[in-house]
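K.L.:
below are the sequence and a predicted model; questions follow.
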Amino acid sequence: MRQKLASVTGAVCLLAMATASYADGQAVFEAKECVACHYTEGPAQEKTIEDQQAKLGPELWYAGDKFQAEWLTAWLTDPQPIRPLKFNSLTEDNPADHPALSADEAASVGEFLMGLTSGEVEAGTVKVKKNAKGRQIFTKKMPCSGCHEYAGRKGNVSGGRSGPSLVDAGVRLNPDWILAYLQKPEFFKPVKMMPVFVGLLSDKDMANVAAHVANFKPKK
């Protein structure tokens with residue numbers, strides 16, 4: 001009986017600590033005025049192209065689905081540009097002026113953001129392994145490389161600049177979210193420049209593309 005009570009008490013304490021940490025991260029997020037550029041409450045708020053163009057930064061209401069926690073915390077302390085071009089621009093270079101957080105602030109904000117999930121991403125659906133079919137779709141059939149930078153087999157970066165860079169995307173993005181994003185574009189981002197592949201690609205082919213992108217990692 002005592003052992004069971006201790007286990008329950010321990011679980012309650014862990015939950016309380018997690019809740020407090022989440023609240024701390026949210027407080028830092030708001031104090032740093034991150035809300036001026038990013039919204040964290042879903043569902044998607046943009047309904048028209050004008051809504052999209054009015055945004056100053058990407059939505060984060062599904063950040064916990066999208067990102068990998070270790071990468072997110074590290075990025076918040078040293079925010080290197082993900083988009084070659086300025087957000088919502090097709091001509092201006094990214095000014096690389098995203099504010100950096102201290103290590104403690106990044107840990108708190110990272111925990112807060114990783115707690116923001118949509119309920120639409122099924123864990124374990126994408127197997128991260130080399131995928132020739134996904135590569136063929138990515139580089140030739142669609143081709144995704146027309147808008148996204150990526151590192152080739154020899155590490156040379158090529159591809160377009162109008163979308164977010166996918167260089168090292170395998171350490172940044174959750175593979176299961178990549179698949180869900182392709183399958184449910186209207187849910188995650190109803191107004192966007194990226195083409196809708198529903199009806200053009202099967203679910204299997206979308207999974208192949210997600211697996212291919214999940215292999216975009218630094219060369220060892």
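P.N.:
Happy to help now that I have it.
K.L.:
quick one: the residue nearest the centre of the chain from Lys204, how far?
P.N.:
By C-alpha atoms, centre = their mean, the chain has its centre lying nearest to Lys66, at 3.4 Å. Separation of Lys66 from Lys204 (C-beta to C-beta, to the nearest Å) stands at 22 Å. C-beta: built from backbone N, CA, C; applies to glycine.
K.L.:
in stretch 197-212, what's buried?
P.N.:
197, 201, 205-212 (16 or more other C-beta atoms under 10 Å).
K.L.:
no, scratch that, I was asking about stretch 210-220
P.N.:
210-214, 216.
K.L.:
need these in a markdown table (columns: secondary structure, pLDDT and distance to Gly42).
P.N.:
As requested, these are exported to a markdown table (DSSP: H, G, I helix; E, B strand; the rest coil; pLDDT from 0 to 100; distance: C-beta to C-beta, whole Å):
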| residue | secondary structure | pLDDT | distance to Gly42 |
| --- | --- | --- | --- |
| Ala210 | helix | 98 | 21 |
| Ala211 | helix | 97 | 26 |
| His212 | helix | 97 | 28 |
| Val213 | helix | 97 | 23 |
| Ala214 | coil | 97 | 24 |
| Phe216 | coil | 96 | 27 |
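K.L.:
count of neighbours near the closest residue to Tyr62 other than its chain neighbours?
P.N.:
Leaving aside its chain neighbours, Tyr62 sits nearest to Ser118 (4.3 Å; criterion: C-beta to C-beta, 6 or more residues apart in numbering). Other residues lying near Ser118 total 19 when counted by other C-beta atoms under 10 Å.
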